[in-house]
Every structure is written in C-alpha cells, then in structure tokens.
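Trainee: Got a sequence here, can you build the structure:
(chains A and B)
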Amino acid sequence: MLSAQKNRNNDTPLIEVKSVSFTYDAKNTGRALNRVSFFVAAGERVAILGHNGSGKSTLAKILAGLQSPTEGVCLVKGKDIEFMDFRELRRTVGIVFQDPENQIVAAMVEDDAAFAPENQGLPSGEIQARVDSVLERVNLTHKQGASVSALSGGEKQRLALAGVLAASPECIILDEATAMLDAISRHRIESVLRELHAAGMTIIQITHQIEAENFDDIERVIVLSHGSVKWEGRTRDFWDMSEELGFELPEEFKFRRYCEAHGLNFPDSFINSLPKAELAHHDYSAHPAKFELKGLSFRYSEENYALRDMNAEIFSGEWLSIIGRTGSGKSTLVQHLNALYKIQEGRIIFEGSDIPQKGEGVYTLRQKVGLVFQHPEDQLFSPTVREELAFAPKNAGFRGQELEEAVLYGLECSGLSREFLDRSPIALSGGERRLVAIASVLSARPECVVLDEPLAGLDASYQRKILAMLGRLRDEGRTIITILHDLKTALNFSDRILILRDGACVREGRPQEVIDTLMNTLEPETWPDVMRISAAIRRLNPSFPLLYNYQELITCI
Amino acid sequence: MYLANVNFGQYIPTGSFIHKLDPRAKLFSLLFIISAIFPAKNILTLGFWVVLLAVVVRVSRISWAVVLRASRPVMFLVMFTFIFNLIAASWRGNFAGGLYSAVFTASRLMVLMMFAVMLPLTTAPLELADGLDALLSPLERIGFPAHESAMMIGMALRFIPLLMQETDKIIRAQVSRGARLDQGNIFQRVKAFMPVLIPLFIIIFRRADEIAVAMEARGYEGGKGRTRRRPLVWKVTDSVILCVCAVMSLGLLML
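Mentor: Sure, this is the predicted structure:
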C-alpha cells in the first residue's frame, strides 16, 4: 500500500484510463462504457467490481490493448496504448480470461507455456528457463510433460496463468479468471497471485464479487455499474459501502465486524484454524420415495469406477442437494436418473418400478425427469425463445393448445416477460440465456427437475432468481435435485443433502445433521465461513453447535 | 452414440526413440512407406510391412489397443473395401480368389492406416506443425500460407478432444429434452441432428473468436520473428532412419 501511495505521488501511473467510452454499434446508442477514468499505480493490487453487463469485460480488453476505445485514451506508462509497439505492450500487460480452454493453444503443457516467449523471439535456452520458472510458480512442474487434456479445470487455469506470466509482464489483468473454478482451485490461484504481488507485480482483478479469501489482499476497489465508475476507494472503506453498492459481504467479514462491535475478541488466526468435526448421528424418518437407488454401480472401464454400490432414497417433493468433491460421481449419478447412462449393476426405482432402459418408456421417463446440464445456455439452438421452449414439450407429444400452455408455463417459470418469446436466444445476456435454457426443460412440466451446477458463473442477482425459481417449483410439488459446489447455498436452500465420496453415498440427511460428515468429506477451503467460525468456537467450547446459517451463529453467541 | 472417449490419434507421450525423431524425418519416412505399401502385390511384401509396423509399435511403447482404437474411424473404409472387393470378385464367379484378394486389399489398407496413425500418436501437435511448417516453407515464395496452415493443423489436433466432449454433452442434453436422434429416414435424422449441430457451431465460432484474442494477448503475430523452445534439430539418427526407410521402400518397389 505504501509503495503504491509513493508511486502515485511521484511517477506516472502504470495504467491510466482517461474518459474512455465504448459502444458496439456505430449509432453510439447503448454505450458499454461511458467516460470511465481511473489509474492503477505500479505494484498495486486493484479489483474492478461489476455485475453482469456492467461493461467490465470490455474494459478488460481495452486495458490489455485488445480493443480500441470509441472515445478517450488508455495510457500505459504514459504512452497511448493505441500507438504502443506491439511487443513492448505485450511485455507490459498480460491478461487471463475466464475459460482456460480458450487460452491454451498447445496440446502439451510445456509447449503451451512456451507460446508467449516464442512469440517474443527469444533464444530457446531462455524460453526453456522461463517455462521452467513459470510452471514452478503455478505449481505445475510435476505436469510439465503431460498433455493438456489430462489436466483438471483448476490446473488448466493455472497453466493459462503460467502462459501469461511467461511473457514476463509487469501487470496482469484477470477477467473473471476464477469464476469457473471450485473453491480449492480458486485458493491455489489466489496463493499464486499473493506471491506475485509480493514480488512487485501489478494485479488488476475484474470480477463480480470479492471472495472472502482475498479481501485482505486487494488494496483498492473500483466499482463499475452500467458502464460508469460508480465508486472508487480503499478496500476497507468499500466494506462499509458494499451493501449500498449492491454487493454482498462475505460472512466471515460480517462476523469480524460483529465481534468488533460487541467487544468480542477472536484473533484472525483463530478463524483460520480448521478443526475436524465430530457430531452425533441422527435418524431420518422416511417420506414416500420418488427414487430408490439400490446397489447402483457404474464404471467407464475395467478399474475406473464412477459409482460404487450406491444406496440412497430421494423423497417426493423434496429439494435434495448432491455434494461431493470433483470426480466423486455426481454427474454420472444424475445422468442415470433419466436413463442417459444405462444401468450396469444395481437398480433405480422410480415411483415404485424399475426405470426403463430402452424403448418408448425412456422418452416418457425423460419427460417426467427433466435434466438441466452444466452451462445449459450452450445448448440453445432455436431462432426464437418460443421455439426453444416448445422443443421439449413437442418431443413429449404436446400439441396445439397444450403446447402453447406448456410454452407459457416455461416462460412463467423463467420470470421473463412475454416480449422475450419472439427474441433470439443467442442475442440475450448470459443470465437471461441461462433462464431460458432452464425454462426449456421445465416447459415439458417434469415432475422431477435435476440441475447440475445451475448457478455456476452467474452473478448474485441471477443466482437469486434461479434459487427463487427452484423454490417455487418445490412449492408446486415438484421434486428438485441439484448438484451445487457452493456449500453455503446447498445448506441454506435444500431440504436434504446427499454426500458422495469416491462414487459411494456416505451420508444423507438434513443439512444440520450432515455438517460433520461434510467437514470430513470436503476440503476445508470449500467450507462456508459460518461453518469454519462455528467449528473454531466449538473447539474452545465443545457444547457449541456446528452451524451454516449466519443468523443462527449470531444468536448462539 | 456418445463420443467423449474416442481417441482420434492424439499424441501419447512415452519418450521413446520414435517420439524423439525429427518430425520432418517421420513425415518423409511415412511418405516413403505409404508409397511403397500402396502398390504391394504379394503376401510376402505385405508381411514385411506388418513386421516393420510391429517393430515401430513396439519401439514407440504405445500399446496395440491404442493403435487399433485410433485407427477405428477408418475401419469403415477398410470394411467397405473388403465387401466391395468380395462382391466384385464373386461377380466374376471366383469366390475363393475374391475372398483372398478382398482380405489382401483390406489388410493392406489397414497396415497403411496404422502406419499413418503412428505419426500423430508419437509426435506432439506443435512439433508436427513445426515439421509441416518447415517442409511447406519453400512454398511461401509462391504465396502459400505455410506457417498459417501448419499452425491450423496443430490447433485442430489440440481441439479435437475438446470438441468431442462438447458434442457428447450437447447430444446428452438434447436427448434428455426428448430429442430422437436415431429414428426415421435419413432426412428426418439429418433434421433431428440440427439441435446438436447448431449449438456446436456456435460454440466453435465463439471459441475461435476467444482463442484469437487470447493468442494476440500472448503476443502472437504470425510466424515472423517467432522462435522455438525446442527448435527442430536434424540429427544423424534422423538421416539414418530416413535412409533406411527410403532404401526399404524403393527396394520393395523394385521387387
């Protein structure tokens, strides 16, 4: 912070944005950016915060010199970015995007890390030295000879980061670079960023929310809203303003504030210490079952088991969340529920009888059990929203008036207005496309809806819309099954939790009952703030319960 | 129906002798071998090539299962050749001779394809692209975009597995919305496949767009002034292997 302050007074800032505007069409209507001005000093760590559609991705591209502003200038080290030498610019500013697959150009890890220095025309010895050092920096040295397709999502994003660092830039911009990652991968990237910043790198993080794990690291926040800078200031001051600006506070931070206000004294290290959980088991009294899984096993090859002797019940009308680490079999399990995977071993009983494996029965089953895949907006194909919503009910045999009603039901579920019916799904915003995609499954009026990561990559306002939609569906009596990697949401919204480990079901029960198993199954990085805090208090006072709800935490204290 | 785990001959690093050969040597050797297998007429010559293939597979330390799986997409062609030959010969009333020639032609094609598949299996896509780049670069003088073509092939090899996964996911999603992809006549099937093809094309174009931006962000501006982490180095072993392949091929052609 001090060095950044000093820089601010003496030198020209590293990046200076002067009254930048941008519009996608020539008529200058609907500006994506409107007279944005700010600066970033060398060595600073800044977050640019904005909801979907705030213009932050356009701004990211302008800062990286990949897009020219319609008006205004962007200066890098005092020089207009437009007239800067291409190679000099690329050695100064690097950018990491959201989807690692669209950044990795080579099929082998080392070849990809070498791409930027190769473009700079460096001698091969130096290229290899850079490759070795950046792979070590992002902890991928053990994967140097591996092929990219063998990496996990988090490893791929670390490789994308390494590929940008290999150009040895002075500043890196991260455009929602951790939005697609799970909590553990996010933590790994965060610790790399922390080291880079300590070594003097300027870091600009463009994001729709500040995670609890890095609110101490970011020095300054710039809030972007509808294409303009709405607020700018130090991170500490941002927390007081955050609710007013439309951003939610991390619960750990709220708790610290609460403790300060009430004179409670918990040292920071106390919250970060992570004890193991121990709680008594509870029985769960059964309701009529929608699905019964009996000894379900599935393997992709001889030794590669995805599901292993799984036994579980899913009750009619409940909202069940399936939780487990990456690779624990969640996606394979839900694709069994509407016969996308054929059963290899065991049984699945749906409404009292074995689920059909072939023939017309399969189509009936798929109408009753609607499955929404991850990123369902990628599967839209119709010229209008109306046709998209009609696809599933038409396949299920709805015709005429019935079909029209189904389309309107889908639209009603999505919460979008009637005007959307004649619009092209491709022209909608990301959040609206997600709503349409989910609605296109709901329009066939399935009794049971299965959603694989329905909230992934959405900002808070669309997440709330989808959670509200699921709540309404449950009120209509439909059974909801969700895979959620965000534990806080899963615990707070679903009726029951099913925990998977290595393809087996290790526990099922109400959220309060399964917290201990969750803590033993999942990595501490994925625990919600309240769970970590209550676990830490419990270590001092064994009678304190394990909690996941902030209000309860405050009440118990 | 589902495609996620199909290997179309993606690079498998084992660090073998064959992996370490210069891609140009491998490309030229393959050219020699293919042009010698095509006109092979007797079972002895073919036998020789089968033995050589076995040696190549053994030395490369890639399992036969992988090689066979990678050649699966061309099996259709092999089967077609077999049946066509069989029918053509039987038509002339010589079923036994027809069977022999059908088996021979089909196996010749198979051996040829398996040699061809060994190239991408033992050569990293970028290396292969570099090799092609070097071989095609003389054509740049007459305006042929050699570097761009080679880069394109390298990128295509990188993205094949990813696009297979995407296709698989889209098929599953549309099927679970009740789409019937495997029913009806050919026209109905093509029409039923549109819900898969349209999203796939949208994804491909969007990816292409984003990749182009990401490449520019990492300083890519075409082949000019680009260096290599591992520049292609022609070694004595490369010359030896190439000579051996050339001599073998020419020798067997003379027979």
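
Trainee: Identify the residue nearest the residue of chain A found nearest chain B in space, chain neighbours excluded?
Mentor: Shortest chain A-to-chain B distance, computed as C-beta to the nearest C-beta: residue-wise this is A:N395, at 2.9 Å. To be clear about C-beta, it is placed using only N, CA and C from the backbone, and glycine gets the same treatment. Excluding its sequence neighbours, the residue lying closest to A:N395 (C-beta to C-beta, 6 or more residues apart in numbering or on different chains) is B:G178, at 2.9 Å.

Trainee: Contact partners for that neighbour?
Mentor: Contact analysis of B:G178 by C-beta atoms under 8 Å, 6 or more residues apart in numbering or on different chains lists A:Y363, A:R366, A:Q367, A:F391, A:A392, A:K394, A:N395, A:A396, A:A444.

Trainee: Next, find the distance separating the third one from B:A179.
Mentor: Yep, that's A:Q367 we're talking about. A:Q367 sits 12 Å away from B:A179, going by C-beta to C-beta, to the nearest Å.

Trainee: Need the overlap of contacts for those two.
Mentor: Joint contacts of A:Q367 and B:A179 (C-beta under 8 Å, 6+ apart) are A:N395.

Trainee: what stretches of the chain score poorly on pLDDT?
Mentor: The chain I'm using is chain A. For chain A, the stretches flagged by pLDDT under 70 are A:1-11, A:26-29, A:212-213, A:265-287.

Trainee: nope, chain B
Mentor: Looking at chain B by pLDDT under 70, you get B:1-9.

Trainee: In it, what residue lies closest to chain A?
Mentor: Closest to chain A within chain B is B:G178: 2.9 Å, counting by C-beta to the nearest C-beta.

Trainee: Look up how far A:L340 lies from that residue.
Mentor: Taking C-beta to C-beta as the measure, B:G178 and A:L340 are separated by 12 Å.

Trainee: A:L320: helix or strand, and which one exactly?
Mentor: strand A:319-323 (DSSP states H and E).

Trainee: Where is the longest helix in chain B?
Mentor: With DSSP state H applied, the helix covering the greatest number of residues in chain B is identified as helix B:146-176.

Trainee: Contacts for the helix or strand just after that one, please.
Mentor: Tracing the chain past helix B:146-176, the next element assigned as helix or strand by DSSP H and E is helix B:186-192. Helix B:186-192 is touched from outside by B:A179, B:R180, B:L181, B:D182, B:Q183, B:G184, with contacts defined as C-beta under 8 Å, 6+ apart.

Trainee: In TSV, list those along with neighbour count.
Mentor: Written out in TSV, the entries for those read as follows (neighbours: other C-beta atoms under 10 Å in any protein chain shown):
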residue	neighbour count
B:A179	21
B:R180	13
B:L181	14
B:D182	10
B:Q183	9
B:G184	12
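
Trainee: Can you lay out the residues you listed as TSV showing distance to B:V190?
Mentor: Shown next, in TSV, are the contacts of helix B:186-192 (distance: C-beta to C-beta, whole Å):
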residue	distance to B:V190
B:A179	13
B:R180	13
B:L181	10
B:D182	12
B:Q183	12
B:G184	10
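
Trainee: so who does the nearest residue to A:P288 once chain neighbours are set aside touch?
Mentor: Of all residues not flanking A:P288 in the chain, A:S316 sits nearest, at 5.0 Å (C-beta to C-beta, 6+ apart). Residues in contact with A:S316 (C-beta under 8 Å, 6+ apart) are A:H287, A:P288, A:A289, A:K290, A:T479.

Trainee: change it to 6 Å
Mentor: Residues counted as contacts of A:S316 (C-beta atoms under 6 Å, 6 or more residues apart in numbering or on different chains) are A:P288, A:K290, A:T479.
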